[in-house]
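Student: mind looking at a prediction? Sequence and model below.
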Amino acid sequence: MAKITLKVNGEQRSAEVEDRTLLANFLRDELKLTGTHVGCDTSQCGACTVHVDGRAVKSCTMLAAQAEGCEVVTIEGLAKNGKLHPAQAAFTECHALQCGFCTPGMIMTTAALIKEHPQPTDEQIIHGLEGNLCRCTGYLNIVKAVKHAAELQKAK
Amino acid sequence: MDTHHSHLFEVGGAKLARLEDLRLIKGEGRYAADWALPNQAHAAFLRSDRAHAKILSVNTDAARKAKGVLAVLTGEDAVKAGYVKPLSMLTFAGKDGRKASIPERPVLAHGRVRFVGDLVALVIAETALQAQDATELIEVDYEDLPAVVSPRATLEPGAPQLHDNVPGNLCFEQEAGDAAAVEAAFAKAAHVTKLRLDVTRVAPNPMEPRACAVAFDAASGKFTVHSPVQGINMMRMQLAAYTGVADDKIEVIARDVGGGFGQRSIGYPEYVALMLGAKTLGRPVKWVSSRSEGFLSDSHGRANYIDGELALDKDGSFLGMRIDWIADLGAYLHPAGPVSPMRNPVTCLNGVYKTQALYGRWRVALTNTVPVSAYRGAARPEIAFAIERLVDEAAAQMKIDPAEIRRRNFIPADAFPYKTPTGSVYDIADFHGVLDKAMKLADVAGFPKRRAESEKRGMIRGLGFSTVIENSGAGMFPKDEIRLEVHADGSITAYSVSHSQGQGHETTFAQIIGDGLGIPAERIRLRQGIGEQGLIGNHTGGSRTIVGAGTVCSIAAKKLIETATPLAAEQLGVEPSQVAYGHGEFKSTASNRKITLGELAAKKPLVVTGEGKFGSTFPNGCHVAEIEIDPQTGVTEVVAYVTVDDCGTVINHTIVEGQMHGAVAQGWGQIFGENIVYDPETGQMLSGSFMDYTMPKAGWIKDITIAEHTTFGTISPLGVKGMGESGCTASLAALTNAMMNALRPLGVPPLDMPLTAHKVWQAITAAKKGK
Amino acid sequence: MYSFQYRKAKSLAEAGEVLARDGDAKPLSGGMTLIPTLKQRLAQPTQLVDIAGLPELAGIDNKNGELTIGAATRHAVVAASKVVQDAIPALACLAAGIGDPQVRNRGTLGGSVANNDPAADYPAAVLALNAKVITTKREIAAADFFQGMFTTALEPGELIVKIAFPLPKSAAYCKFPHPASGYAMAGVFIAQTADGLRVAVTGAGASGVFRWTEAEQALAKGISAAAIEKLTLAADDINEDIHGTREYRAQLVKVMATRAAAALSGKK
C-alpha cells in the first residue's frame, strides 16, 4: 500500500491506496471526482486528461503514487469562483460537445493548449488534439471551440 | 415551425448552446461507471481467448479462494438459472415461409465458446482489481474446434458449424422484389454493371465504455439495473426476456450516456450475468468494461457483404437491380441485430430512383466473431452504398455524367407520394432540387480546373457524390408518450423514454414544448431514464426520436393547454370559452383577470401525458466529396465536403449540423481506416485497440459545408423527418465515388473499403505496373 | 495490472542496486510504454523503481560540441528547449512530434531509448547523430546500443544517465505516423555529422532502428531529394503487419527520406 498526499483542485488530499492504483482511479474512486473519465486502456483517447503541475497528462497512464506532492487540477476544479474557464465556455458556445464523455478531457487539453499557444493556428490546434478522441462531433466544432477559447482567454 | 435560437440559452449565468451542456462541461455528468451503490462488490469476466472450442471443464477452486473473492459463476450457473435464451425480434417469416433458427446463448458460455471474448465466468470480489486478478486463476480445459470468420466461407459446405440448431450457419433467408421482372429487365439491358459491395465490420466505439451496476432486493424480488441505454423500455424488455423476470420487477436507470450509435440499445449477456451475480451474492455488483474488452464484446456494426448488379438501357435508364446480401451477425444473434439488415434495405431498395424491377436475396450468417447489431444507420448506409456505387460505376462505364444519369432516373418531384416497388410510400421529396443545390455549392463546374492544379503538384484529385434516401424508424413500441408536469414556479418537467446519447434531447424537446406553450425553452427540464415513470415509448434509434417523441412534445404541450383551460376558467370565474392562453398564462377575455400555469399547478397537480404514433419518414440528401491523393504514400485528404439534406423541418440548426459532422466523420472512418480484422486461421482479433483501430482524429477534414433543402414531411404535423443517421448513409458512397473518380483514370479497379493509404498506394502501384 | 511495489528512488545508486538485486524489478521513468503494458497484464514486475525525479538524470547542456540531455528529460521539455532548438533543431522537432501532448508531458528521452520500441522516434536520432549513451556504468556508442526490437546493450541494473549528441552540421527528421497509434510507420533521420552523412530509419525495420547505407552513399555525393528517388530499399528486413506490407513500409521509408533530404537541401 502507498500513502500519498497531493493537492487536488487546490485542496490537500491524502489516502492510502494499492501501489498499482492509477491516478484516474484514485480521482474517481477515492476522491469521487467522476468528471475525469476513462475511455480506453491504451493511452489513446485522452478522456482522462488532467493537469499535473500545470501540464496536461493522461491520468490513466500515471500511478497515483507518481503524483505524490504534485498539484492536480481536474475538470471539477477548472471553473474559478463560479465562473467558467474560457475553454468550458467555448465548448458549449461552439456546440463542441454532444454526449459529453470526452468533453472533460478535451477541455483540460484545450486549457493547456491555449496557455501554451494563446493564439493557436489550425495546425497547432489539430496537433494539440492528437491525444484526444471524440466519436460524436467529428471535431469540427471542437477545433472552433479551441480557437474561441483562446479569444475568450484574451478578452478576460 | 422554425425555432432556431440564434442566441445562446442563458442558464445560471452561463451562455449555452444546449441546455444539457452546463453539467457536462463542469464534469458533473453522471455516466454508467459513475454510479456507486451502497455496499457494492465488483465484477470481472473471464473471456474466451479462442474463437471456437469445447469447454471440457472449468475449475474455479483457486479463484474462489483468492483474496477478496466473493463469488464465481460459470455457464452451469447460467443454465441452472435458465438464463440461456436472448429475446429475438427476428420473428417474421422468410423464404418459403420459414422462420429463423435462433441459437441459444447462456449468459455465461456452457459447453462451447464461439468467439474470442465469449463470456466464460463471472468473478465477484471486494475490489475490481481483486476480481480481475482472480479471473486468471480459473482453469479452463478447452478442446479447440476449427473456426470460421469469413461470412462467405461460413455458408460454404464443410464450414465449421457453430450451433446444432443452425444448419449451415444460416439463421435466416429472405427474398424481396420480383425475381422474374428483374430477369426480364436484365435480358433486355444494353448495359449491366456488376460490383462487389462489401460494407465491412467496424466497431461503433462510443467513447464511454460499457458499465453496469445491478442491485437486487430480495424482499420485493426487484432488480435495479444501471447501464447505458438508448431508452429504458428497450433495455428492460430484453433483460426480462432473457431472465424470465417480470417487467415490473426490473427497474432500469440511466442518466448521461456517452454515445450509443445503436450499440447501447442491447440487453447484453454481461448485464444479465450481473443480475444473476447480484441475486446470488445478495449485494449490488458493479462492472466497468475496458476498451479492450469492449472491442471483444460490444456489438460490432455493418458487416454486410453484398453483390450487386444494375441493368440499364442504352440511354442510362435503370431497368432493374439485383442484390445478393449476406449479413454477418457473428457468433450469436443480438435481439434486434438481424432485423435491420432484413428490413431497412427492402424499405429503400430503389433508393431515390424510379427503377421498377428490383430483387434481392438476404441471408443471415453466423461466424466465430463478436455478435453484430445496429450501428448508426443500421443497413441504411449499406443499401445506399450499394445503389450509389452501382449507379456511379455504371455512369463511368457508359460515359454518362454521374449527375445526369441520376437526374434521368430520379423520382420526379410531382410523383409524391410515391409507392415504391417494395411497398414503401415516400411521402415527399425533391431530389432534383437537392442535387442541383449540392452541385452548385460544391462548384462541380470548377472541378476540372482544380484537378489540373492538383496534377501539377503531383497529386490525384477526385470528386464524387451520392444521392440517397433512408427510412427513419417507425418504432417497435405501440406509441410514444411524453409527460409534462407543471411546477408552482411555472417551470415544467418533461419525461421521455427516448434517451439522448448526445443528440441533445434536453434542448430540442424543450424548444418544441416551449414553442407550444409560448415560454422560454430554459423553463423546461427534460428527464430521461427514470424507470418509475412507466411511460410507453421507443428508444432512440433509427433517426426516429424527433418524429416520434419530438412530435409528441408538441402534442403534449397542446394537451396541457386544453387540460388547463377549464381549470383556469374555474379559477377566473368564467366559461372556458372566455379564456385565452398565451406565454404561460390564461387571461379572461371578460375581465382583466389572469392566472399563470404555475399558479394553477400550485393549487392542484397539473400533469398531462401526450401520445402519438407515426410511421416511417424519408429523409434524403446529396453529399459531394472532393479528395486529393498523394500517390507516393497513398494518403488521401478530403479537401471539401458538401451536404445538402432534406430532413424536413429543422428544430435546431446547430444540433442538426453537429449530427451531420459526427455522422460524416464516422463515414470517413469506415471508408479510410476503421476495420475489424480477424486472423482467418485462429479467429483472433488483430485490431482490438485504439493502437490498431483507426478512429477519426481532429484534422481529418478542415470544414464541411452544410445546407438544407427542405420539403416539409407529411407524417409528423411538425414536418420533421429525422436526421441522426443521414450523414452515415450518404458519406460511404460519396467518399468512395470520389476515390474511384480519382483512381479510375489510372486503371485502378473498384476497391473494397477501407481505402487505407496502404491499399490506395498498392492499387496505384499495381495499376502502373499493369500499364 | 498485476500487483507490484512502487518505490521512489532517492538516488541513482539506490535505483541501480535495487534493480541489480531484483531481476523482476523495473525502472519507471515516464511510464508511457510501461504503464499501458502493465495495464494489459503483459508484464508482471515485482517492483517499479521510479527514477523520473532524480536530479542526476536532469539537465540539458550544450558544450564542447555536444548536446547533452538528461535521461529523465521529458519530450515536451526537449521540444521547447531553446538550447536544443539552437543546437539541433531537428531533434527538438522530433521531440515535438512524439505521441501527443499528454505523452510528451510525461515520456522521457531515457525511457524511450532504453525501451527501444521499433516504432519509437528517438532511436533514429540517437543512431543518425552517432550519439553516446552514458549509463551508470559506461559510455555506449549508438551503434552498439541498439540490438534489435526492444533489446539494448543495457545490463540488469544499468540505467541511462544522459545522452550526448555530437552537434551535426545539419539534420532533418521526417516521419509517417501510424494513423491510429501515432507511432512511426517509417521515420527517417538524416544528419551530416563529423563522421559523415548518416541516415537512420525507425518504424520499419524488422529488428528495430537501422542505418540505410545506400542512402548515405547516395547523399554523400550531394544532398537532394533526387538522390533518394533513384534508390530502392530492399524490403527483406522490413517489418510487416496488418497496417502495411514490407513493400509499403519500404516505400514510406523512401518517401520520408526524400522529404528529409529535401528539407536539408532547402536549408543549405
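Tutor: On my side now, so go ahead.
Student: which SS class is A:I142?
Tutor: When classified by DSSP: H, G, I helix; E, B strand; the rest coil, A:I142 comes out as helix.
Student: so what's it up against?
Tutor: Contact partners of A:I142, counting by CB atoms under 8 Å, 6 or more residues apart in numbering or on different chains, are A:F91, A:C94, A:A96, A:M106, A:L129, A:C134, B:A698. Placement of C-beta: from N, CA and C, glycine included.
Student: same thing but at 7 Å, please
Tutor: Going by CB atoms under 7 Å, 6 or more residues apart in numbering or on different chains, A:I142 touches A:A96, A:M106, A:L129, A:C134, B:A698.
Student: could you dump these to CSV with pLDDT, neighbour count and distance to chain C?
Tutor: What follows is those, written out as CSV (pLDDT from 0 to 100; neighbours: other CB atoms under 10 Å in any protein chain shown; distance: CB to the nearest CB, whole Å):
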residue, pLDDT, neighbour count, distance to chain C
A:A96, 98, 30, 18
A:M106, 98, 30, 12
A:L129, 98, 24, 8
A:C134, 98, 31, 14
B:A698, 97, 24, 11
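Student: residue nearest the centroid of chain A?
Tutor: In chain A, the residue lying closest to the centroid (CA atoms, centre = their mean) is A:M108, at 2.9 Å.
Student: which phi and psi values does it adopt?
Tutor: Recorded main-chain torsions at A:M108 are phi -70, psi -40, according to degrees, to the nearest 10.
Student: counting neighbours, what do you get for the closest residue to it other than its chain neighbours?
Tutor: Nearest non-adjacent residue to A:M108, counting by CB to CB, 6 or more residues apart in numbering or on different chains: A:T49, 4.3 Å away. A:T49 has 32 neighbouring residues, counting by other CB atoms under 10 Å in any protein chain shown.
Student: now the one 5 residues further on
Tutor: Each residue near A:G54 was counted by other CB under 10 Å, and the total is 11.
Student: I'd like to know which of the contacts of A:I142 are part of helices.
Tutor: A:M106 (DSSP state H).
Student: wait, which of the contacts of A:I142 is closest to B:D307?
Tutor: Nearest to B:D307 among the contacts of A:I142: A:C134, at 35.4 Å, using CB to CB.
Student: list the contacts for that closest one?
Tutor: A:C102, A:M106, A:I142, B:M207.
Student: if we use 10 Å, what do you get?
Tutor: Counting by CB atoms under 10 Å, 6 or more residues apart in numbering or on different chains, A:C134 touches A:39, A:45-47, A:96-99, A:101-103, A:105-106, A:141-142, B:207, B:259, B:662, B:665, B:695-698.
Student: does the longest strand that chain C contains reach chain B?
Tutor: Longest strand in chain C, counting residues (DSSP state E): strand C:184-193. Yes. If you take CB under 10 Å from any CB of the partner chain as the test, strand C:184-193 does meet chain B, through C:M185, C:A186.
Student: list the helices and strands that strand packs on?
Tutor: With contacts taken as 3 or more CB pairs under 10 Å, 6 or more residues apart in numbering or on different chains; DSSP states H and E, strand C:184-193 sits against helix C:89-96, helix C:122-128, strand C:160-166, strand C:170-177, strand C:196-202, helix C:213-220, helix C:246-267.
Student: roughly how far is that strand from the heart of the chain?
Tutor: With CA atoms, centre = their mean, to the nearest Å as the basis, strand C:184-193 stands 10 Å off its chain's centre.
Student: please work out the average pLDDT along that strand.
Tutor: For strand C:184-193, the mean pLDDT works out to 97.
Student: likewise for stretch B:295-304?
Tutor: Stretch B:295-304 comes out at a mean pLDDT of 98.
Student: buried residues, that stretch. List them.
Tutor: By 16 or more other CB atoms under 10 Å in any protein chain shown, the buried positions in stretch B:295-304 come out as B:F295, B:L296, B:S297, B:D298, B:S299, B:H300, B:G301, B:R302, B:A303, B:N304.
Student: stretch B:139-146 now?
Tutor: Going by neighbour count (16+ other CB under 10 Å), the buried part of stretch B:139-146 is B:V140, B:Y142, B:L145.
Student: can I get those in JSON lines including distance to chain A?
Tutor: Below are these laid out as JSON lines (distance: CB to the nearest CB, whole Å):
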{"residue": "B:V140", "distance to chain A": "23"}
{"residue": "B:Y142", "distance to chain A": "25"}
{"residue": "B:L145", "distance to chain A": "30"}
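Student: state the pLDDT value of B:F509.
Tutor: 97.
Student: any residue of stretch B:18-26 up close to chain A?
Tutor: Yes. Contact of stretch B:18-26 with chain A (CB under 10 Å from any CB) involves B:R18, B:L19, B:E20, B:D21, B:L22, B:R23, B:L24, B:I25, B:K26.
Student: and those residues near chain C, which?
Tutor: Checking the residues of stretch B:18-26 next to chain A against chain C by CB under 10 Å from any CB, not one of them is in range.
Student: in helices, which of these appear?
Tutor: B:D21, B:L22, B:R23, B:L24, B:I25.
Student: rewinding a little: for the buried residues of stretch B:139-146, which one is nearest C:G148?
Tutor: B:Y142 (34.0 Å).
Student: can you tell me the closest non-neighbouring residue to that closest one?
Tutor: Once flanking residues are discounted, B:Y142 sits nearest to B:A53: 4.0 Å by CB to CB, 6+ apart.
Student: how about B:G699?
Tutor: Per CB to CB, 6+ apart, closest to B:G699 is A:I126, 3.5 Å.
Student: remind me which helix or strand that neighbour belongs to.
Tutor: helix A:122-128 (DSSP states H and E).
Student: what sits up against that helix?
Tutor: Residues contacting helix A:122-128 (CB under 10 Å, 6+ apart): A:56, A:109-110, A:112-114, A:116-117, A:120-121, A:139, A:142-147, A:149-150, B:697-700, B:702, C:96-97, C:100-101.
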